[in-house]
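> Provided below are the primary sequence and the corresponding predicted coordinates.
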Amino acid sequence: MDLVELLAPLSVASCSLDKRIVIYSLKDGGFILRTIEGDHSKGIKRLSYSPIFGGYLISVGYEVFANVWSPESLVSQALIGKLKGH
């Protein structure tokens, strides 16, 4: 449903209603660098990326929260936290 460009490594992140964020390399033929399994129960509608402080990726779905991810992290779980709203 959405696509954003990441700066380090040079890649793009896409999301959809399948509840996953997929990060594709832009310089090595478009292969998949990483797949992040989100916890949005009805899928992911939008992504936003900020390169400051190592890079943050925010995903939102149909719930009352947004997830904050570290896409450059090499650990198995890239979820940093949740922003709860109304």
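Alright, I've got the coordinates. Model, not experiment: these values are computed from the prediction.
> ok, now how distant is the residue lying closest to residue 61 once chain neighbours are set aside from residue 85?
With CB to CB, 6 or more residues apart in numbering as the measure, residue 40 is the residue that lies nearest to residue 61, at 3.2 Å, once sequence neighbours are left out. To be clear about C-beta, it is placed using only N, CA and C from the backbone, and glycine gets the same treatment. Using CB to CB, to the nearest Å, one gets 14 Å for the distance from residue 40 to residue 85.
> so which of those two has more stuff around it?
Neighbours per residue (other CB atoms under 10 Å) separate residue 40 from residue 85, with residue 40 holding more: 20 against 9.
> quick revisit: so the residue nearest to residue 61, which state does it fall into?
coil (DSSP: H, G, I helix; E, B strand; the rest coil).
> residue 23: how many residues sit nearby?
So residue 23, with other CB under 10 Å, has 21 neighbours.
> let's number from 43 now, not from 1
Taking 43 as the first residue, the last one we looked at is residue 65.
> surely it meets residue 76?
Yes: the pair residue 65 and residue 76 qualifies as a contact (CB atoms under 8 Å) at a distance of 4.6 Å.
> anything in contact with each of the two?
Jointly contacting residue 65 and residue 76 under the rule CB atoms under 8 Å, 6 or more residues apart in numbering are residue 113.
> sorry, back to before: ok, the residue nearest to residue 103 to residue 110 distance?
Residue 82 is 13 Å from residue 110, by CB to CB.
> show me where this structure has its strands.
Under the criterion DSSP state E, the chain contains strands at 44-48, 53-57, 62-67, 74-79, 88-92, 98-102, 107-111, 121-126.
> mind putting these into a markdown table with mean pLDDT?
Shown next, in a markdown table, are the strands of the chain (pLDDT from 0 to 100):
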| stretch | mean pLDDT |
| --- | --- |
| strand 44-48 | 91 |
| strand 53-57 | 93 |
| strand 62-67 | 92 |
| strand 74-79 | 87 |
| strand 88-92 | 93 |
| strand 98-102 | 92 |
| strand 107-111 | 92 |
| strand 121-126 | 88 |
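> so what's residue 103 up against?
80, 82-87.
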